[in-house]
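A.B. asks: Return atomic coordinates for the entry below.
(2 chains)
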Number of protein chains: 2
Amino acid sequence: MATTAVDVKELPNSYVFVADMPGLKHSEIKVQVENDSVLKISGEKKRDDFASDTEIKYVRVERSAGKFMRKFNLPANANLDGISAACQDGLLTVIVPKNPPPDPHRPRTFDVNVGSSTVPPP
Amino acid sequence: MATTAVDVKELPNSYVFVADMPGLKHSEIKVQVENDSVLKISGEKKRDDFASDTEIKYVRVERSAGKFMRKFNLPANANLDGISAACQDGLLTVIVPKNPPPDPHRPRTFDVNVGSSTVPPP
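C.D. replies: Below you'll find the predicted structure:
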């Protein structure tokens, strides 16, 4: 399994996931939502398109390669329908908008009827 | 200091250095040769262009950030004048061509003069 570092930040109106994807293209990364609550980022980092070439001798291997998968629980106010993802310069950015907060509890108002008192006369 | 994973491979005619540079552009990476023998790759990974924005709250920080520098001793047959570097999808590739090997020792040829023998007559 390959390692994939991810930063998560919260903005006033969204959650933003930023993941290192050096060498990967849009089409090689899968962004999904599972069970309406889990953001899943997966794919495969390949070391080389021509790794089977016997004329290549690896002198040093530090970069991680292989399949990767990361999962993140999404907060209750995540707007799953508004999720967007983009990849540029080997950096994947997934933006999860927040749903607007529910209306604050409005004070209940009761009509006050002016009329006869219900207190029985003495 | 930020971490930067680098693979080094040897091909028949070149050495190839591949470095993870997610989120970095060409202009943010410096590739140099020091003392005619050391390949130096340096730059800075910035976490955010707007990191000073107080409205951003980091929930998770895994990606490395800051200045980075890697140095590699180059083999004696490296052709320093032919070095090329390119960055695509957050992956830096530096190609160091090899100088052609010196000519194999050719067998020395001597002329054989046909003439009078130097052996004195009896």
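A.B. asks: pLDDT weak spots in chain A?
C.D. replies: Scanning chain A with the threshold set as pLDDT under 70 gives A:48-53, A:115-122.
A.B. asks: Just the closest residue of it to chain B, please.
C.D. replies: Nearest residue of chain A to chain B: residue A:90, at 1.8 Å (C-beta to the nearest C-beta). Every C-beta, even on glycine, is put in place using the N, C-alpha and C of the backbone.
A.B. asks: Was I right to think that residue contacts residue B:89?
C.D. replies: Yes: the criterion here is C-beta atoms under 8 Å, and residue A:90 meets it with residue B:89 at 4.9 Å.
A.B. asks: more neighbours, the two?
C.D. replies: Between residue A:90 and residue B:89, counted using other C-beta atoms under 10 Å in any protein chain shown, residue A:90 has the larger neighbour count: 23 against 18.
A.B. asks: which ones are touching residue A:92?
C.D. replies: A:17, A:18, A:19, A:21, A:24, A:29, A:31, A:41, A:85, A:86 (C-beta atoms under 8 Å, 6 or more residues apart in numbering or on different chains).
A.B. asks: Check those residues and tell me the two furthest apart.
C.D. replies: A:17 and A:24 (15.1 Å; C-beta to C-beta).
A.B. asks: What ranges does chain A have for its strands?
C.D. replies: A:6-11, A:14-20, A:29-34, A:38-45, A:57-60, A:66-73, A:84-88, A:91-97 (DSSP state E).
A.B. asks: Alpha carbons of the fifth one, as CSV, please.
C.D. replies: Extracted as CSV, the C-alpha positions of strand A:57-60 are listed here (Å, rounded to 0.1, in the frame of the first residue of the first chain):
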residue,chain,number,x,y,z
LYS,A,57,18.4,-0.5,-12.4
TYR,A,58,16.9,1.2,-9.3
VAL,A,59,19.8,2.7,-7.3
ARG,A,60,17.5,4.4,-4.7
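A.B. asks: Give the other helices and strands that it contacts.
C.D. replies: strand B:6-11 (3 or more C-beta pairs under 8 Å, 6 or more residues apart in numbering or on different chains; DSSP states H and E).
A.B. asks: Walk me through which strands the strand it packs on pairs with, and which way each runs.
C.D. replies: strand A:57-60 (antiparallel), strand B:14-20 (antiparallel) (DSSP bridges).
A.B. asks: Tell me which of these lies nearest to residue B:69.
C.D. replies: strand B:14-20 (11.4 Å).
A.B. asks: Which residues does the closest one contact?
C.D. replies: For strand B:14-20, with C-beta under 8 Å, 6+ apart as the criterion, the contacting residues are A:20, A:22-23, A:59, A:63, A:90, B:4-10, B:39, B:41, B:70, B:72, B:74-75, B:78, B:90-98.
A.B. asks: Give me the buried entries from these.
C.D. replies: Buried members of the contacts of strand B:14-20, counted by 16 or more other C-beta atoms under 10 Å in any protein chain shown: A:20, A:22-23, A:63, A:90, B:4-10, B:39, B:41, B:70, B:72, B:74, B:78, B:90-92, B:94-98.
A.B. asks: most surrounded residue in the contacts of residue A:92?
C.D. replies: Using other C-beta under 10 Å as the neighbour test, the contacts of residue A:92 are led by residue A:21, with 28 neighbours.
A.B. asks: Against residue A:67, how distant is it?
C.D. replies: Distance of residue A:21 to residue A:67, computed by C-beta to C-beta, to the nearest Å: 13 Å.
A.B. asks: For these two, list the residues in contact with both.
C.D. replies: Contacts common to residue A:21 and residue A:67, judged by C-beta under 8 Å, 6+ apart, are residue A:43.
A.B. asks: coming back round to it: adding distance to residue B:104, write the strands of chain A out as CSV.
C.D. replies: Below are those laid out as CSV (distance: least, C-beta to C-beta, whole Å):
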stretch, distance to residue B:104
strand A:6-11, 54
strand A:14-20, 47
strand A:29-34, 50
strand A:38-45, 42
strand A:57-60, 22
strand A:66-73, 43
strand A:84-88, 50
strand A:91-97, 50
